[in-house]
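Novice: quick one: sequence and predicted model below, then my questions.
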Amino acid sequence: SATHTPLFSSGGELRLILQHTTDVTELQALREESAFGLRESARVLRRARKVQQVNLAMVAESNMLRSLFEQAPSFVAVLHGPDHVFQIANAAYRALVGGRDVLGLAVRDALPEVVEQGFVELLDRVRETGEPFIGEQVPAVLMGQRRILNFIYQPVLDNDGRVASILVQGHDLTSLVEAQEVVERQAEHLRLAQAAGGFGTFEWLVETGEIRASPEFSRLYGFATPEELTHVSQILPRIHPDDLALIASCVARTRRAMSTWRFSIILPLWVTTPLPAPSSQECERRSLSVSLPSPLASSDTWRNSDV
């Protein structure tokens, strides 16, 4: 860097030029280095911002997954290591085990009652074989309460292909199974009552005309077994023609009253009873209790049936 200063005489004439030169090589190098540093710092800052954005997105995704696990209607847990230590247990799982705090505990310590029931042995087998276990309507006793469970023990592999954790996912079917058991007991009581009283019931699937009859109902219409009576068209020929119109009218009224799903009537029906001799038949008057699970077909179903 240089400066040039003119020197004049007393008469104002230019006599000399004073030159002052300074070596600014190092200063220029510092300036260039500083500019490079600023540009590099800007690039680093931009990369840092991108990394921060990615990290924030990953944190948000992780929080969303944890929220999904926590709020899932099915019970979910993750068990890590050979001792099956709880890493994750969602709200449904905690409710299943009576609200116990199981995180960080091995299964045998967190849920000691399941050891003798064979569940830890199942977990050990899944870890050893790498094969999932699927249980359907498996009974379990938790906190002294009977539970019926559908669940899966799904092995989770690490980068080396070894089982690192086991995912537990399933549904508590206790209420559903108990309701089914109640229905089955009621159905058995009804069957016993029907057998004792000598009356029968049938279920009529209106869309297809299919009939599912009890043994008593089948015998009442002259069929040896329920398997022989499969369609409504098999019943119509055995009912006296004078009674068909009355039945059709009752069925039509039931169909119009869509809020009524079960309809019982006592009708005097003429039922043809086959006799051993193929050439002879006799008709006897019988009183039948007919249960119609609806929505039911109109009278056209009866009139248009193939008899």
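Specialist: Great, that's in hand. In this text the structure is predicted, and so the values were computed from the model without any measurement.

Novice: what's the residue closest to the geometric middle of the chain?
Specialist: The centre of the chain sits closest to residue 74, judged by CA atoms, centre = their mean, with a distance of 7.2 Å.

Novice: which residues of the protein fall in helices?
Specialist: All helices of the chain, identified by DSSP state H, fall at 25-71, 91-96, 107-110, 119-129, 174-197, 215-220, 241-256, 299-303.

Novice: for the ones you listed, which has the smallest mean pLDDT value?
Specialist: When the helices of the chain are ranked by mean pLDDT, helix 299-303 comes last with a mean of 40.

Novice: show me what contacts the closest residue to residue 103 other than its chain neighbours?
Specialist: Closest residue in space to residue 103, ignoring its immediate chain neighbours: residue 86 at 5.2 Å, by CB to CB, 6 or more residues apart in numbering. All C-beta spots, glycine's among them, are computed from the backbone N, C-alpha and C. Applying CB atoms under 8 Å, 6 or more residues apart in numbering to residue 86 gives the contacts 77-79, 102-107, 110.

Novice: any chance of those in JSON lines, plus distance to residue 62?
Specialist: Formatted as JSON lines, the contacts of residue 86 follow (distance: CB to CB, whole Å):
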{"residue": "77", "distance to residue 62": "18"}
{"residue": "78", "distance to residue 62": "14"}
{"residue": "79", "distance to residue 62": "20"}
{"residue": "102", "distance to residue 62": "21"}
{"residue": "103", "distance to residue 62": "17"}
{"residue": "104", "distance to residue 62": "19"}
{"residue": "105", "distance to residue 62": "23"}
{"residue": "106", "distance to residue 62": "25"}
{"residue": "107", "distance to residue 62": "25"}
{"residue": "110", "distance to residue 62": "24"}
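
Novice: relative to residue 150, which of these is nearest.
Specialist: residue 77 (14.8 Å; CB to CB).

Novice: what's the neighbour count on residue 94?
Specialist: 17 (other CB atoms under 10 Å).

Novice: that one contacts residue 111, correct?
Specialist: No. Applying CB atoms under 8 Å as the test, residue 94 and residue 111 come out as separate, 11.5 Å apart.

Novice: quickly list what's touching both of the two.
Specialist: Shared contacts of residue 94 and residue 111, defined by CB under 8 Å, 6+ apart, comprise 100, 102.

Novice: tell me how far residue 218 lies from residue 199.
Specialist: Note on residue 218: its distance to residue 199, by CB to CB, to the nearest Å, is 12 Å.

Novice: these two - which one has more neighbours?
Specialist: A count of neighbours by other CB under 10 Å puts residue 218 above the other of residue 218 and residue 199, at 20 against 17.

Novice: sounds good, over and out.
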